[in-house]
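Peer 1: take a look and give me a structure for this.
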Amino acid sequence: QVQVEESGGGLVQAGDSVMLSCVVSGRRTFDKYAMGWFRQVPGKEREERECVATINYSGDTTYYTDSVKGRFTISRDNAKNTVYLQMNNLKPEDTAVYYCGVSPFGGTTTDVYVDWGRGTLVTVSS
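Peer 2: I've put the predicted structure just below:
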(Lines give C-alpha, C1' and ligand atoms only; values in the text may rest on other atoms or scores of the structure.)
Protein backbone atom coordinates (compact mmCIF):
# COMPACT_ATOMS: atom_id res chain seq x y z
CA GLN A 1 0.00 0.00 0.00
CA VAL A 2 1.34 3.39 -0.99
CA GLN A 3 1.63 6.00 1.72
CA VAL A 4 2.43 9.66 1.21
CA GLU A 5 3.26 11.79 4.21
CA GLU A 6 3.90 15.52 4.20
CA SER A 7 5.57 17.38 7.03
CA GLY A 8 7.09 20.75 7.84
CA GLY A 9 4.08 23.03 7.96
CA GLY A 10 3.27 25.44 10.75
CA LEU A 11 2.61 29.04 11.67
CA VAL A 12 5.17 31.49 10.36
CA GLN A 13 5.45 35.22 9.77
CA ALA A 14 5.56 36.95 6.42
CA GLY A 15 9.08 36.87 5.06
CA ASP A 16 9.98 33.63 6.82
CA SER A 17 11.16 30.41 5.18
CA VAL A 18 9.83 26.88 5.55
CA MET A 19 10.86 23.59 4.03
CA LEU A 20 8.18 20.98 3.42
CA SER A 21 9.06 17.31 3.04
CA CYS A 22 7.09 14.49 1.48
CA VAL A 23 8.04 10.87 1.99
CA VAL A 24 6.55 8.17 -0.22
CA SER A 25 6.54 4.58 0.94
CA GLY A 26 5.25 1.51 -0.81
CA ARG A 27 6.43 2.49 -4.26
CA ARG A 28 9.61 0.61 -5.15
CA THR A 29 9.89 2.61 -8.36
CA PHE A 30 9.64 6.07 -6.80
CA ASP A 31 12.33 7.25 -9.20
CA LYS A 32 9.99 6.54 -12.13
CA TYR A 33 7.29 8.97 -10.92
CA ALA A 34 6.87 12.69 -11.21
CA MET A 35 5.96 14.56 -8.06
CA GLY A 36 3.93 17.65 -7.43
CA TRP A 37 3.16 20.06 -4.63
CA PHE A 38 -0.35 21.48 -4.60
CA ARG A 39 -2.07 23.79 -2.18
CA GLN A 40 -5.68 24.09 -1.15
CA VAL A 41 -7.14 27.03 0.67
CA PRO A 42 -9.34 25.88 3.58
CA GLY A 43 -12.96 25.80 2.51
CA LYS A 44 -12.23 25.08 -1.14
CA GLU A 45 -12.80 21.79 -2.88
CA ARG A 46 -10.12 19.28 -3.86
CA GLU A 47 -10.68 20.12 -7.52
CA GLU A 48 -9.62 23.67 -6.71
CA ARG A 49 -6.19 22.65 -5.54
CA GLU A 50 -3.56 24.86 -7.11
CA CYS A 51 -0.45 23.30 -8.55
CA VAL A 52 2.48 25.06 -6.90
CA ALA A 53 5.43 23.11 -8.29
CA THR A 54 6.24 19.86 -10.05
CA ILE A 55 9.39 17.87 -10.66
CA ASN A 56 10.01 15.06 -13.11
CA TYR A 57 11.25 11.59 -12.17
CA SER A 58 14.94 12.46 -12.43
CA GLY A 59 14.73 15.93 -10.93
CA ASP A 60 16.08 17.82 -13.92
CA THR A 61 12.82 19.39 -15.01
CA THR A 62 10.69 21.56 -12.76
CA TYR A 63 7.62 23.75 -13.03
CA TYR A 64 6.45 26.60 -10.81
CA THR A 65 3.26 28.57 -10.82
CA ASP A 66 3.93 32.25 -11.46
CA SER A 67 3.11 33.42 -7.94
CA VAL A 68 5.92 31.37 -6.39
CA LYS A 69 8.65 31.68 -9.00
CA GLY A 70 11.86 32.90 -7.43
CA ARG A 71 10.61 32.10 -3.92
CA PHE A 72 9.91 28.34 -3.90
CA THR A 73 12.21 25.50 -4.94
CA ILE A 74 11.17 21.90 -5.48
CA SER A 75 13.73 19.11 -5.25
CA ARG A 76 13.84 15.38 -4.71
CA ASP A 77 16.09 12.71 -3.26
CA ASN A 78 15.24 9.43 -4.95
CA ALA A 79 17.46 7.48 -2.58
CA LYS A 80 15.18 8.62 0.25
CA ASN A 81 11.87 8.52 -1.66
CA THR A 82 11.45 12.13 -0.66
CA VAL A 83 10.49 15.37 -2.35
CA TYR A 84 10.99 18.79 -0.81
CA LEU A 85 9.53 22.24 -1.21
CA GLN A 86 11.71 25.05 0.05
CA MET A 87 9.55 28.14 0.52
CA ASN A 88 11.24 31.50 1.05
CA ASN A 89 9.88 34.98 1.56
CA LEU A 90 6.48 33.62 2.48
CA LYS A 91 3.42 35.83 2.05
CA PRO A 92 0.02 35.68 3.74
CA GLU A 93 -1.50 34.57 0.43
CA ASP A 94 0.65 31.43 0.62
CA THR A 95 -1.51 30.25 3.52
CA ALA A 96 -3.01 26.88 2.58
CA VAL A 97 -2.85 23.16 3.16
CA TYR A 98 0.01 21.84 1.05
CA TYR A 99 -0.39 18.43 -0.52
CA CYS A 100 2.14 16.16 -2.17
CA GLY A 101 1.08 14.09 -5.16
CA VAL A 102 2.60 11.18 -7.07
CA SER A 103 2.07 10.97 -10.82
CA PRO A 104 3.19 8.48 -13.48
CA PHE A 105 3.05 11.26 -16.08
CA GLY A 106 3.53 14.60 -14.38
CA GLY A 107 1.39 17.66 -14.95
CA THR A 108 -0.38 20.50 -13.22
CA THR A 109 -3.87 19.06 -12.81
CA THR A 110 -4.97 16.88 -9.93
CA ASP A 111 -6.41 14.15 -12.16
CA VAL A 112 -2.99 12.86 -13.22
CA TYR A 113 -1.87 12.26 -9.65
CA VAL A 114 -2.57 8.79 -8.30
CA ASP A 115 -1.44 9.07 -4.69
CA TRP A 116 -1.87 11.93 -2.24
CA GLY A 117 -0.87 12.68 1.28
CA ARG A 118 -3.13 14.22 3.92
CA GLY A 119 -1.47 17.60 3.63
CA THR A 120 0.37 19.93 5.94
CA LEU A 121 -1.00 23.34 6.88
CA VAL A 122 1.13 26.41 6.34
CA THR A 123 -0.19 29.59 7.90
CA VAL A 124 1.57 32.85 7.15
CA SER A 125 0.73 35.79 9.38
CA SER A 126 1.23 39.37 8.27
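
Peer 1: number of nearby residues for residue 107?
Peer 2: Neighbours of residue 107 under the rule other Cβ atoms under 10 Å: 15. For glycine as for every other residue, the C-beta is placed from the backbone atoms N, C-alpha and C.

Peer 1: could you give the bridge partners of the nearest residue to it once chain neighbours are set aside?
Peer 2: Counting by Cβ to Cβ, 6 or more residues apart in numbering, the nearest residue to residue 107 once its immediate chain neighbours are dropped is residue 54, at 7.2 Å. For residue 54, the beta-bridge partners are residue 36, residue 63 (DSSP bridges).

Peer 1: so how far is residue 126 from the residue nearest the centre of the chain?
Peer 2: Most central in the chain under Cα atoms, centre = their mean is residue 37, positioned 2.1 Å from the mean C-alpha point. From residue 37 over to residue 126 the distance is 23 Å, taken as Cβ to Cβ, to the nearest Å.

Peer 1: buried set for the helix or strand hosting residue 85?
Peer 2: Taking DSSP states H and E as the definition, residue 85 sits inside strand 82-87. Across strand 82-87, burial judged by 16 or more other Cβ atoms under 10 Å covers 82, 83, 84, 85, 87.

Peer 1: what score does the last one have for pLDDT?
Peer 2: Per-residue confidence (pLDDT) for residue 87: 98.

Peer 1: identify the residues contacting it.
Peer 2: 17, 18, 19, 20, 68, 71, 72, 94, 122 (Cβ atoms under 8 Å, 6 or more residues apart in numbering).

Peer 1: good, we can wrap up now.
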